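Chemist: Give me coordinates for this.
(4 chains)
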Number of protein chains: 4
Amino acid sequence: MFIKQSVDNLQHQLQQWRRDFHKHAESGFLELRTASIVATTLEQLGYAVSVGKEVMSREDRMGVPATDILERHEKWALEHGAETRWVEKMTGGMTGVVGILDTGRPGPIVAFRVDMDALDIQEDLTDAHLPFKEGFASVNDNMMHACGHDGHTSIGLGLATILMQEKENLKGTIKLIFQPAEEGTRGAKSMTEAGVVDDVDYFIATHIGLGIPLGEIVAGDGGFLATTKLDVEFKGLASHAGGKPNEGKNALMAASTAVLGLYGIPRHSEGASRVNVGVLNAGSGRNIIAPNAFMKVETRGVTSEINDYIREQAFQVIHGAAAMYGTTATIDIVGEAMSSMPSEELVKIVANAARKSEAISNVTEMNLQPSGSEDATYFMERVKNRGGLATYTIIGSPLAAGHHNERFDYDEKVLSIAVDVLARTAFELSNK
Amino acid sequence: MFIKQSVDNLQHQLQQWRRDFHKHAESGFLELRTASIVATTLEQLGYAVSVGKEVMSREDRMGVPATDILERHEKWALEHGAETRWVEKMTGGMTGVVGILDTGRPGPIVAFRVDMDALDIQEDLTDAHLPFKEGFASVNDNMMHACGHDGHTSIGLGLATILMQEKENLKGTIKLIFQPAEEGTRGAKSMTEAGVVDDVDYFIATHIGLGIPLGEIVAGDGGFLATTKLDVEFKGLASHAGGKPNEGKNALMAASTAVLGLYGIPRHSEGASRVNVGVLNAGSGRNIIAPNAFMKVETRGVTSEINDYIREQAFQVIHGAAAMYGTTATIDIVGEAMSSMPSEELVKIVANAARKSEAISNVTEMNLQPSGSEDATYFMERVKNRGGLATYTIIGSPLAAGHHNERFDYDEKVLSIAVDVLARTAFELSNK
Amino acid sequence: MFIKQSVDNLQHQLQQWRRDFHKHAESGFLELRTASIVATTLEQLGYAVSVGKEVMSREDRMGVPATDILERHEKWALEHGAETRWVEKMTGGMTGVVGILDTGRPGPIVAFRVDMDALDIQEDLTDAHLPFKEGFASVNDNMMHACGHDGHTSIGLGLATILMQEKENLKGTIKLIFQPAEEGTRGAKSMTEAGVVDDVDYFIATHIGLGIPLGEIVAGDGGFLATTKLDVEFKGLASHAGGKPNEGKNALMAASTAVLGLYGIPRHSEGASRVNVGVLNAGSGRNIIAPNAFMKVETRGVTSEINDYIREQAFQVIHGAAAMYGTTATIDIVGEAMSSMPSEELVKIVANAARKSEAISNVTEMNLQPSGSEDATYFMERVKNRGGLATYTIIGSPLAAGHHNERFDYDEKVLSIAVDVLARTAFELSNK
Amino acid sequence: MFIKQSVDNLQHQLQQWRRDFHKHAESGFLELRTASIVATTLEQLGYAVSVGKEVMSREDRMGVPATDILERHEKWALEHGAETRWVEKMTGGMTGVVGILDTGRPGPIVAFRVDMDALDIQEDLTDAHLPFKEGFASVNDNMMHACGHDGHTSIGLGLATILMQEKENLKGTIKLIFQPAEEGTRGAKSMTEAGVVDDVDYFIATHIGLGIPLGEIVAGDGGFLATTKLDVEFKGLASHAGGKPNEGKNALMAASTAVLGLYGIPRHSEGASRVNVGVLNAGSGRNIIAPNAFMKVETRGVTSEINDYIREQAFQVIHGAAAMYGTTATIDIVGEAMSSMPSEELVKIVANAARKSEAISNVTEMNLQPSGSEDATYFMERVKNRGGLATYTIIGSPLAAGHHNERFDYDEKVLSIAVDVLARTAFELSNK
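Modeler: As a prediction, this is how the structure comes out:
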């Protein structure tokens, strides 16, 4: 079939894109160079391109880096290939991109979503790690594509290429969504709130790897846990611990008490829940009553309702603990994702499209095993709530090391397989 | 001198009173029989007697027993010698008595304060314990004069006797205050607030024992710690711990968190402080999220300011901990006492009066070593604040076992020694 | 069919037994009167009867009441119909009974297990509660058949009656097990460890009610949570909180710290877990450093492995917390139950037997919803581990109020329905 | 008198030394340049000089910086004026110096101790701060003489100069001790354990400032709190908080529990005590069960016994808390000081010597107000235990800002005043 051949021809280009993005890894809301290349490429292919505030709600972003980090990286991006005309629109962490292909023929609006951000991890710089050996390890300290989003972005561009080539065989509209800041589940909400998927009939988000072998896919993954990421700041009052212990307000005690209270939030009877205080930093000196404490917290639940319960309890625990010691606590939600069940009808369509691909040997329709969290669920819930269908599809690949590991790597063949499966799905949906 | 002889003649009577009070021990706010005998005796001696609401502010009492306990004991008191005419005025825990001797001659108002209540302790009922062997152990279960207040009441009556005998040699007015509920520091505030000492020029409270040998006194004890006694009730919501753990509000967790917070209240840089959770009872069943918890707490400080600091911190800790778990806390102040420094001028007068007594071999003027707590400090502070002088005088006696021990007992000779010292002080002051 | 008619004839007798047991409710390990009546009845029917140490391992009992309670109740039982010859063998909480019917013909050993104990609950004594209105409310204060074990015991005796009547139609051996102390999951282990089911081929435990309507059954309930019940005693050292705070060892602080640690035991990734501190009692007086603390704790898990994990963590938390404050903790396991999956083959046999009963309108084969805990699981695991088959069958009945409620009551028709279903099962199995 | 004049002549030199040391501030165990200059100067003056292991016990040092810090600073010191011959002996944090002047005449051994280390504080670099304005602010980032030890070292050298000039008027032996790492109370123990004061008859440690006005001294300060500085490291096991919470060992929970336990250590009935957790850093990432935690703790007591009590309780709390969560805790004592009462006889001698100085307008003999901590107490206790006399003398000066403040500064006149007072004391003692 036509797709197979087109996609095969694309493999070299996919690998080039992927290695370029990998080498220039940019973490969440800093994807200026990546997004600039995406925008230009889409434009050159003939897509209508929107970026920045056209596709993101500024106030619905979560966990945006500090201004100095944003500014420093913007400078770097401009020096490393980002185009000023895009950067101007994306400045200050507004790095989302949407490309639209309107066939001009009546038909459904079909959206695909990929993500573009890297992680704040230092990549392994030894020959044991292929990206280093082959010369495309990240040039940015402590930023690494250790989850495969470099591949996702490339898949998005590959899909854009194929669908534009075959434009005449499509109906309706294709929408390609390139999301920033999926790590920490920070970016999807702002694109959803900007209305990017409000008119979408079919929505498919994609991830590679995740323990699925090459040549296999999961058409619908419904096991993502709802989650909230909280940064908590306790403010007290410093005082000399030997001389005036009674004059201090001990933020470190408040935080310690909150920690025990958080882990003690009751299990929920209707399904798995989680809470973690992953980081706690408090105090200024051995002999000072600690005037400050900072905690990184996350809550999770198999359903959004259970996560909401845990998050509300967490707020109660944190503010109560702060009050015990005369301190105050400020809680910032720096990331959030929902749970979302794939639409069975769409899962079947994706599964059938995949089964027609020569590259696919095995298709699992639905997976409900609880696993990590994903903010693509924001798009999914919005689409479903407005009458559309949504799914989350996993395209398998062997991994050199697990996701978020400093030696994470995958088989680049997964890139063309993904494009093949998604393009087939697009044709299927477009011609329904 | 006249006093010596009069007092010697009184010793037998003092002992009789004391043994009668000891045998019919009544705990705080239940001293109906004791107070009735005191009132009648004062009346017979010729004192103007006021009781109940004439000398107590109902709402300023703390830690009053529950109504059923008050009623049950009232019945007992009437069956064991309390007179209806007094009981009617003292009903519901209004058991204070004041006797006034107005000489008709210009002169100062001199007040003496003794206390009447027993402790909720089961007395030792073996021959090793003299009150049992001699047949005057408490007939009331779990009520025992284990601190010497039986002696104090007798001393008050003995002093009343002597002073009335020698009325012609006195000037001004003598005020004899018989206070209820000193244990738990619950009764003095209500008499102070009723204005009992508002017109007093010289105030002397008395205690026997306290580690001072027979024949010795401390004219001014300034070491009493300010204290507050708190009863805390947490209310949550029961829920099946296996089936619906998330639907409970865990009062036991709130209380446990409060406990750790309370012990963690910072030490005060300006002097010793204390906090204790002596009792914690929580929960209803092994498999139920505990809907309730009860704590007995006390705070102390070498000054009232330090105790105030600890108490305020305690309130903050308790309410914060309650809020952490969605529970509520109710805090009742069931006892309170201040710190109070004896007036040096009055201390010297008491010391000099004592030195004239043949019974006294050694006089310590002032003791500032921190020790227990006493609510006579309410009277003392009020008197001093209104321009009077106040002190707290300890009359020594050997003890069979420590205060609050089930075998506590003292040498009854201390009774006449105390009357002697106090009567001499009264003459000294009356004739200043 | 014969069974229906026999069972119908039995209904009056079943009701009589049930009401007699209900009226003379006896809680766990105190079932002397109940067990004595069971033993005599079985004997009269022709069963070989074993009791006491013949069917229980003394040291494998958990949560046995204190000696004075055992002795007081033994006296009561003898005064209310227990026979001395049985009581002598059952003294000290050895109240299990087993009746054996050996047909003399080759065939399987089929065992049925019922339980006999009441709960430590005060029964409602108003006309709104049928057992009171009809005159068979419990005569024992704070003991009530609020879970239906009175019915279970009656069902056991009814089954004994029918099977003996139809002895000639049976093969192999019937074993009827009357277990003490199921509440708190305290008694099954000791009968299992005594070897009572070591030779059993088919084992069926039974419960009535549990939310199943009249005329319906669940042939196999696999949702029981594994559980452990822990009594924890902390021992510290008393000290005056004002005078010598540093000389105490604070058991109340140790317990409070343990509470927070227990609720903080991490959730298990493989399934639901629970932990609860239902009761905490600590301390002796407001101004004393608490020398003692007592906690009632329970752990649960959807599998025995998960419960084992929680229990082990609980031990670690408790001993660590005790050590923090220089106290010691003693942990008694006062109850324990496993999770156990019914044998599918036996579930089908029970289901088919039930379907043949006119009284049964609906049969659910297997239920896996997590619910409470049951120590019949000890018998089940032992039987399965030795190659036999086991199940737990629920016979439905409407309830006046939920299990463990003071107004709990059921439709007595369930008694004959249960006997019918179980007798049919016995015939089916006996003749396989 | 001769001293006055000699000392006046010295003022310029004292100021030069002080400003040089201030500009080249070196923190504890890093004082290579300072100690090298001290050693060379003493040598040039004619003292017998011992350094490094001759005057320090390697294993009795506490809180020695990490090897890389030692090595980096050694390089810096050699580049900034330290002499290789001394550095070789002082390498690895062995920076103590002792200079001995043996008069050859029989007489007592009189020792003076000064300290040389700066603090890890970033000095204020604005014109509001005189050392910056005058060009002698610290060239080392985050190292600053903010406590006056630059002055102490200069005073030591000034005293060395005067005493050598007046050698003929002295008897016995003069020992000048230049101690490293007083901040954090880390260095004195190692010099004491090396035997530096084992033969000393009179020992005088000195501090400038501390709230005393210029021209005044406190001859004996006995208010130093005993203290211990603890670094605590908890080690647990990382695990994914969403995927495998039950596989982690949570060091952050252990530390939080320890924090609450530490602040809850009972107050001591015999005097003030303190405990503080000034810093807590734990965890590696939001979604990881924290495998590590680090705490900076300090304990204090008005007596060494009370500090010992608090420290022992702290160990118990920390190890118990670690055990609760299956983690381990390692506790390093990184600083320790005793309480020590000045010898009254020596206090009087110092006071009398000071009174003879024209520069001194007021002498306080003894101060017992609890204040900070000082490890000169190690020397004091050793000298007193071996039959000598010891004191700690404060020489007053106005301060631009409090000790340990980034704008700390003093009046350089205090330098010659101190030399004057100490030299007079030396003559007094030498000629006793």
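
Chemist: quick one: contacts for A:T393?
Modeler: The neighbourhood of A:T393, defined by Cβ atoms under 8 Å, 6 or more residues apart in numbering or on different chains, consists of A:204-207, A:217-221, A:350, A:421-422. From N, CA and C alone the C-beta is placed, and that goes for glycine too.

Chemist: Now A:Y325. Nearest residue, chain neighbours left out?
Modeler: Using Cβ to Cβ, 6 or more residues apart in numbering or on different chains and skipping the chain neighbours, the partner closest in space to A:Y325 is A:A254 (4.3 Å).

Chemist: Would you confirm that A:T425 contacts A:A351?
Modeler: No - at 9.5 Å, A:T425 and A:A351 do not qualify as touching, with contact defined as Cβ atoms under 8 Å.

Chemist: could you show me where the helices are in chain A, in order?
Modeler: If DSSP state H is used as the criterion, the helices of chain A fall at A:2-23, A:32-45, A:67-79, A:84-90, A:130-133, A:149-165, A:188-193, A:251-263, A:304-324, A:344-355, A:376-385, A:413-430.

Chemist: Mind giving me the packing neighbours of the third one?
Modeler: Under the contact criterion of 3 or more Cβ pairs under 8 Å, 6 or more residues apart in numbering or on different chains; DSSP states H and E, the helices and strands touching helix A:67-79 comprise helix A:32-45, helix A:84-90.

Chemist: who's in contact with the residue of chain A positioned farthest from its centre?
Modeler: When each C-alpha in chain A is compared with the mean C-alpha position (Cα atoms, centre = their mean), A:G243 comes out farthest, at 49.7 Å. Neighbouring residues of A:G243 by Cβ under 8 Å, 6+ apart: B:269, D:371-372.

Chemist: what separates it from D:R407, distance-wise?
Modeler: Distance, A:G243 to D:R407, by Cβ to Cβ, to the nearest Å: 19 Å.

Chemist: on that earlier part again, of the helices and strands packed on helix A:67-79, which is nearest chain C?
Modeler: helix A:32-45 (34.5 Å; Cβ to the nearest Cβ).

Chemist: What are the contacting residues of the closest one?
Modeler: Outside of helix A:32-45, the residues that reach it under the criterion Cβ under 8 Å, 6+ apart are A:20-21, A:24, A:26, A:49, A:51, A:73-74, A:77-78, A:80-83, A:86-87, A:90, A:95-97, A:99, A:116, A:153, A:156-157, A:160-161, A:164, A:176, A:178, A:180.

Chemist: In PyMOL, select just the buried ones from the residues you listed.
Modeler: Selecting only the buried entries of the contacts of helix A:32-45 in PyMOL, with 16 or more other Cβ atoms under 10 Å in any protein chain shown as the criterion:
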select buried, chain A and resi 20+21+24+26+49+51+73+74+77+82+86+87+90+95+96+97+99+116+153+156+157+160+161+164+176+178+180
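
Chemist: okay, now A:Q16: neighbour count?
Modeler: A:Q16 is surrounded by 12 other residues when neighbours are defined as other Cβ atoms under 10 Å in any protein chain shown.

Chemist: for A:D8, what are its contacts?
Modeler: Counting by Cβ under 8 Å, 6+ apart, A:D8 touches A:S416.

Chemist: Could you report the pLDDT at it?
Modeler: With respect to pLDDT, A:D8 has a value of 80.

Chemist: From chain B, how far off is it?
Modeler: Spatial separation of A:D8 from chain B under the definition Cβ to the nearest Cβ, to the nearest Å is 53 Å.

Chemist: start to end distance for stretch A:165-184?
Modeler: Across stretch A:165-184, the terminal residues are separated by 35 Å (Cα to Cα, to the nearest Å).

Chemist: Sorry, slip of the keys, the one I care about is stretch A:210-219.
Modeler: According to Cα to Cα, stretch A:210-219 extends 13 Å from its N-terminal end residue to its C-terminal end residue.

Chemist: State the distance from A:V350 to A:V218.
Modeler: To A:V218, A:V350 is 10 Å away according to Cβ to Cβ.

Chemist: Equivalent analysis for A:E183, please.
Modeler: Spatial separation of A:E183 from A:V218 under the definition Cβ to Cβ is 21 Å.

Chemist: who has more neighbours, these two?
Modeler: Between A:E183 and A:V218, counted using other Cβ under 10 Å, A:V218 has the larger neighbour count: 28 against 22.

Chemist: Contact partners for the more buried one?
Modeler: A:212, A:364-367, A:393-394.

Chemist: can you rerun that using 10 Å?
Modeler: A:207, A:210-212, A:342, A:347, A:350-351, A:354, A:362-367, A:391-396 (Cβ atoms under 10 Å, 6 or more residues apart in numbering or on different chains).

Chemist: One more: A:L252?
Modeler: With contacts taken as Cβ under 10 Å, 6+ apart, A:L252 has the following neighbours: A:234, A:236, A:280-284, A:288-293, A:325, A:327, D:256, D:259, D:263, D:276-280, D:295.
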